[in-house]
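**Q** Output the structure for:
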Amino acid sequence: MKHKLITFLFILFAVFGCKSQVGEDSDSGGGQKIYLFDNPILGFDLYALNYGHREIDGTDTVYYIIPNEVARVRDLDIAKNSSGTNVDILSPEKLTAFEELTYFTGLETFRATSNEFTSLNFSQCRNMKGIYINNNWLDTLNVDSLSLLEEIEFSASSRAPGFVSSINLTNNINLVVFELESHDLTSLDVSKNVNLREIDVSENTGAPITIDSVIYDQLTVRNGVTREQPNVELPDGAVVIQDINFGKALDSLGYAGGPISTGHYFLFPDSVKDVTSLDVSEKGIAKASELSYFIGLERLNISANEVDTLALGGNTNLLSLEADHSGSGLGNLVSITLPNSIDSISIYRYAGETLDLSGKSNLVHLIAEQSTITSIDLSDCGSLEVLRIRQYNAGQWDAGLGLTSIDLSNNFKLKDIYLFRNQLPNSASITWWSSSDDTGTLESVDLSSNPFGEEATFEVPAHIFAAESRSSNIVLEGGSPDNSNLIISEYACSSTKESGTDFRNTYIEIYNPSSTETAMLSNYSLEYSSNGGDWGSAHTFTTTSLGPGEVLVIGRDGVNLDRITVNETWGDLTANGDDGIRLLKNNTVTDVIGTNYASDPPVGTDPGDGWEVAGTADATRDLVLWRKISITDPNTDWDNSRGTNSSDSEWIVSNIKEDYGNAGSPTDDSVPSE
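**A** Here you go, the predicted structure:
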């Protein structure tokens, strides 16, 4: 019924030939009224969208807009297609004119799909970012003044009397999407549109239309266009860069020119010989033989590419190479030739079987994790400090790939040795440097998961065993392996000072439940997590060993020594009942209190006051926990360890606060004290 009334009003306007006029609006602070006598359909639509007004005099309805109101409109959607956002409230009649568009000076997006506009003046809409006018009748589209414009979508109507034959986009440097389908374009200049990513000019008269090669190469959508072939030929003295992606990368850095008619780029050897640092990572490069002209190069990052060979022997100043593979699977790199100057190599997921390091006396860092290296000679690498080689994945390891032996006799400056997941079968497969050459710098040795199958135990000399961090399968040469499994046997965390004193009685007791094994405490450490934060504040034991059936008490600063027997002080310990504690053997978590977060980094959430144990709320705060004498194995599952009642819990909870009588003794029938 509404649309029938509007149609009747439109007929009245047509019969009486009303014309536009300007008036004053008493309700808008004196702003102008722009009457739409000649365009009642537009007037109705703007009124329906609350962007216009109307005056009713009997059977006559007149629409108008107020410029200082519509200037604030940011998004205008008068699309008449069936899926249009506002189609249910707009007139069903098509719009043919919009002279008042010039008043919408703040407009950023304009949607007018499926109307019959023959012209639109956007000259005053300087904030415009998106124009969406598919299925209209324009034969000219002027967007010269729209420097912020990002998207144009205008597919011509098949019923249009004329089509766009040319368009100027030189001022639209922010343009990202340009769609002008089914028009009469025969040429298109997009050389200035450096942000352009999508072009669709299909079904134009000149399609495919030739466009600038640089812009073409950056497009993700290229419908109806073809790449311009440059007329530039190879200058005298220039060298063609065989890999186009490598050429593009060098061109973007200012080290290359082109492209020439073949699409390739070129460089002048003299212009790149003094370049000292080059980062061409993630450029899709398959070949980089022209690196030989960068004779002054000191640092090269060519990671995340498709290169299979790097011939860098002539780059005699090169110090650092990064050629890591990103993404899944192995990289393509299988062969590397390096100069003797090299001091740092990072080749993550290297696909070669070996690496020639002869003469590399300056090499300090060699990182080849997740690689396929099966043999390597480090005899010339006397400066080596970091050595990290591991097999790519368990499948290749299962198949027997990996180092089967390694000679480190000349590598006495090593600090970090990581040979996880190789095929080293026994102690004899590793040749260590002599104690007389030892520099005391070794900090970490990891020989775990060697070989595939049953992990070997490696006996190492004392100067190697002295490393601060060792994998659990490393034992002292001539000694017995440490097969102990210590447990946390008693726990007390006081949230307040002892009544009437300054003492804070917080301690941890560890116990060796074995009847035969002596624990070497250099293999163990304690850590705690404060309020659900990262693990840290590690305690390294000063006691050498813990014999069968023995216990060790570690207390915080300020423990009342008259009440608690403390063997070692943990200076960084400030736990007060809501902080996790964990025991580690050779850096592997074996036992925990307070949470399941054995992972690193953490951890979990702060429980508030404390954790429930054996059905006792906040048992880890102020009460004492004793491990049942029947428990002889550590447990990293805190929920399983603490249980839900006195029967299924591994712990006995004290009945009273500050029950310290059993500290320093294995748990027995004397607990709880009362």
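**Q** hey, let's count contacts and neighbours off CA atoms from now on
**A** Fine.
**Q** Next, count neighbours for D60.
**A** Burial of D60 is recorded as 10 neighbouring residues (other CA atoms under 10 Å).
**Q** mind listing the strands for the stretch 501-650 of the chain?
**A** With DSSP state E, counting those that start in this stretch, the ranges of strands along the stretch 501-650 of the chain come out as 507-511, 519-520, 524-529, 535-540, 545-546, 551-556, 568-570, 580-585, 588-593, 624-627.
**Q** K248 is nearest to which of those strands?
**A** Relative to K248, the nearest member of those by CA to CA is strand 535-540, separated by 46.4 Å.
**Q** could you give the angle of the closest one to strand 580-585?
**A** 50 degrees (axes from the mean of the first three to the mean of the last three CA atoms, to 10 degrees).
**Q** start at 49 instead
**A** All right, first residue 49 from here; so that's strand 583-588.
**Q** partners of strand 583-588 in the sheet?
**A** Paired with strand 583-588 in the same sheet, following DSSP bridges, are strand 572-577 (antiparallel).
**Q** the inter-axis angle of the partner strand versus strand 555-559?
**A** Going by the same axes, to 10 degrees, strand 572-577 makes 150 degrees with strand 555-559.
**Q** what sits up against strand 572-577?
**A** By CA atoms under 8 Å, 6 or more residues apart in numbering, the residues outside strand 572-577 that reach it are 583-589, 621, 623, 627-635, 651.
**Q** Quickly note the distance from S250 to S206.
**A** Note on S250: its distance to S206, by CA to CA, to the nearest Å, is 14 Å.
**Q** Which one's more surrounded, those two?
**A** S250 (21 against 13).
**Q** Contacts only, for that one.
**A** Applying CA under 8 Å, 6+ apart to S250 gives the contacts 228-230, 256, 271-273.
**Q** and with 7 Å instead?
**A** Residues counted as contacts of S250 (CA atoms under 7 Å, 6 or more residues apart in numbering) are 229-230, 271-272.
**Q** S562 versus that one, what's the distance?
**A** As for S250, its distance to S562 is 80 Å (criterion: CA to CA).
**Q** repeat for R159
**A** Separation of R159 from S562 (CA to CA) stands at 80 Å.
**Q** Could you check the pLDDT of the closest residue to T109 other than its chain neighbours?
**A** Closest residue to T109 apart from its sequence neighbours, by CA to CA, 6 or more residues apart in numbering: E103 at 5.6 Å. Here, the pLDDT recorded for E103 equals 94.
**Q** And the one helix or strand E103 maps to, what's buried?
**A** With elements taken from DSSP states H and E, the one containing E103 is strand 101-105. Buried residues in strand 101-105, counting neighbours by 16 or more other CA atoms under 10 Å, are found at H101.
**Q** How far does it sit from its chain's centre?
**A** Strand 101-105 sits 59 Å away from the centroid of its parent chain (CA atoms, centre = their mean, to the nearest Å).
**Q** again, but for stretch 656-665
**A** The chain centroid and the centroid of stretch 656-665 are separated by 38 Å under CA atoms, centre = their mean.
**Q** now the helices: where do they sit in the stretch 99-248 of the chain?
**A** Ranges of helices in the stretch 99-248 of the chain, per DSSP state H, counting those that start in this stretch, are 115-118.
**Q** cool, and the chain?
**A** Counting by DSSP state H, the chain has helices at residues 50-64, 88-96, 115-118, 261-266, 292-300, 317-320, 442-446, 510-513, 686-690.
**Q** Nearest to P499 among the ones you listed would be which one?
**A** Here helix 442-446 is closest among these (CA to CA), at 8.4 Å.
**Q** which residues does the spatially closest residue to P714 that is not a sequence neighbour contact?
**A** Counting by CA to CA, 6+ apart, V599 is the residue found nearest to P714 once chain neighbours are left out, at 6.6 Å. By CA under 7 Å, 6+ apart, the residues touching V599 are 557-560, 712-714.
**Q** which among those residues end up buried?
**A** Buried members of the contacts of V599, scored by 16+ other CA under 10 Å, are 557-560, 712-714.
**Q** just to revisit the earlier point, quick one: the residue nearest to P714 from T715, how far?
**A** Counting by CA to CA - V599 and T715 are separated by 10 Å.
**Q** Let me know the average pLDDT across stretch 195-212.
**A** 96.
**Q** buried residues in that stretch?
**A** Buried residues in stretch 195-212, counting neighbours by 16+ other CA under 10 Å, are found at 195-205, 210-212.
**Q** Do a quick rundown of the strands in the stretch 99-248 of the chain.
**A** Counting by DSSP E, counting those that start in this stretch, the strands of the stretch 99-248 of the chain are 101-105, 108-113, 123-125, 157-159, 178-180, 199-201, 225-227, 246-248.
**Q** Could you save those strands as a markdown table and add columns showing distance to S329?
**A** Supplementary listing: the strands of the stretch 99-248 of the chain in a markdown table, determined by distance: least, CA to CA, whole Å:
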| stretch | distance to S329 |
| --- | --- |
| strand 101-105 | 59 |
| strand 108-113 | 56 |
| strand 123-125 | 41 |
| strand 157-159 | 38 |
| strand 178-180 | 34 |
| strand 199-201 | 31 |
| strand 225-227 | 28 |
| strand 246-248 | 25 |
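**Q** Tell me which of those lies nearest to D666.
**A** Closest to D666 of the strands of the stretch 99-248 of the chain, according to CA to CA: strand 123-125, at 58.2 Å.
**Q** what does that closest one contact?
**A** 155-160.
**Q** next one: stretch 423-441
**A** Under the contact criterion CA under 7 Å, 6+ apart, stretch 423-441 has outside partners 397, 401-403, 405-420, 445, 450-451, 456, 458-459, 461-470.
**Q** Sitting in strands, which of the residues you listed do you find?
**A** Within these, residues falling in strands by DSSP state E are 413-419, 464-466.
**Q** Let me see the contact set for D494.
**A** Residues near D494 by CA under 7 Å, 6+ apart: 465-468, 518-519.
**Q** Relative to F468, how far out is it?
**A** According to CA to CA, D494 stands 6 Å off from F468.
**Q** can you check E229 too?
**A** Applying CA to CA, the value for E229 to F468 is 59 Å.
**Q** Likewise for A304?
**A** Between A304 and F468 the distance is 43 Å, computed by CA to CA.
**Q** Where does the prediction get shaky in the stretch 99-248 of the chain?
**A** For the stretch 99-248 of the chain, no stretch has pLDDT under 70.
**Q** same deal with the chain?
**A** Short version for the chain, where the test is pLDDT under 70: 49-79, 278-280, 527-529, 644-654, 716-719, 721-722.
**Q** neighbours around P88, how many?
**A** For P88, the neighbour count with other CA under 10 Å is 22.
**Q** how deep is N252 tucked in, by neighbour count?
**A** N252 has 22 neighbours, counted by other CA under 10 Å.
**Q** before we move on, what about Y99?
**A** Neighbours of Y99 using other CA under 10 Å come to 19.
**Q** Please name the residues that touch the closest residue to it other than its chain neighbours.
**A** Among residues not flanking Y99 along the chain, V118 sits closest, at 6.3 Å (CA to CA, 6+ apart). With contact taken as CA under 7 Å, 6+ apart, V118 is in contact with 99, 151-152.
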